[in-house]
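Undergrad: I would like to see how this sequence folds:
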Amino acid sequence: MGSTGRTPPDDMKLKSSATLFETVAPRDSVFASLLEKYFNGERDEKTLRLIGKG
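TA: Residues are numbered from 1 along each chain as shown. Got it, this is the predicted structure:
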């Protein structure tokens, strides 16, 4: 998990939400930056599968 300083369930929720919102946000959005900074650019695979992008 990322090093956001939150607990693992919070990290999972943050990664999932950021992944979801990044799919509809502009390319250089805060969501993309958040995923880069805290999750080494990794998107949440389950979220992507659920929305048909993974």
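Undergrad: Only C-alpha atoms from now on, for both contacts and neighbour counts.
TA: OK.
Undergrad: just the helices in this protein please.
TA: Assigned by DSSP state H, the chain shows helices spanning 8-22, 30-39, 45-50.
Undergrad: would JSON lines of those with mean pLDDT be doable?
TA: Output for the helices of the chain, formatted as JSON lines (pLDDT from 0 to 100):
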{"stretch": "helix 8-22", "mean pLDDT": "94"}
{"stretch": "helix 30-39", "mean pLDDT": "96"}
{"stretch": "helix 45-50", "mean pLDDT": "97"}
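Undergrad: okay, Gly2: pLDDT?
TA: What the model reports as pLDDT for Gly2 is 54.
Undergrad: no no, Asp28
TA: Per the predicted model, pLDDT is 89 at Asp28.
Undergrad: picking that back up, now that we have the helices of the chain, can you turn them into JSON lines and tack on mean neighbour count?
TA: Formatted as JSON lines, the helices of the chain follow (neighbours: other Cα atoms under 10 Å):
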{"stretch": "helix 8-22", "mean neighbour count": "17"}
{"stretch": "helix 30-39", "mean neighbour count": "17"}
{"stretch": "helix 45-50", "mean neighbour count": "13"}
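Undergrad: Contacts only, for the nearest residue to Glu42 once chain neighbours are set aside.
TA: Excluding the flanking residues, the one nearest Glu42 by Cα to Cα, 6 or more residues apart in numbering is Leu35, at 6.4 Å. Leu35 makes contact with Lys15, Ala18, Thr19, Gly41, Glu42, Arg43 under the criterion Cα atoms under 8 Å, 6 or more residues apart in numbering.
Undergrad: If we use 10 Å, what do you get?
TA: Applying Cα atoms under 10 Å, 6 or more residues apart in numbering, we find Leu35 in contact with Gly2, Leu14, Lys15, Ser16, Ala18, Thr19, Glu22, Gly41, Glu42, Arg43, Asp44.
Undergrad: where's Lys37 relative to Ala18, distance?
TA: 12 Å (Cα to Cα, to the nearest Å).
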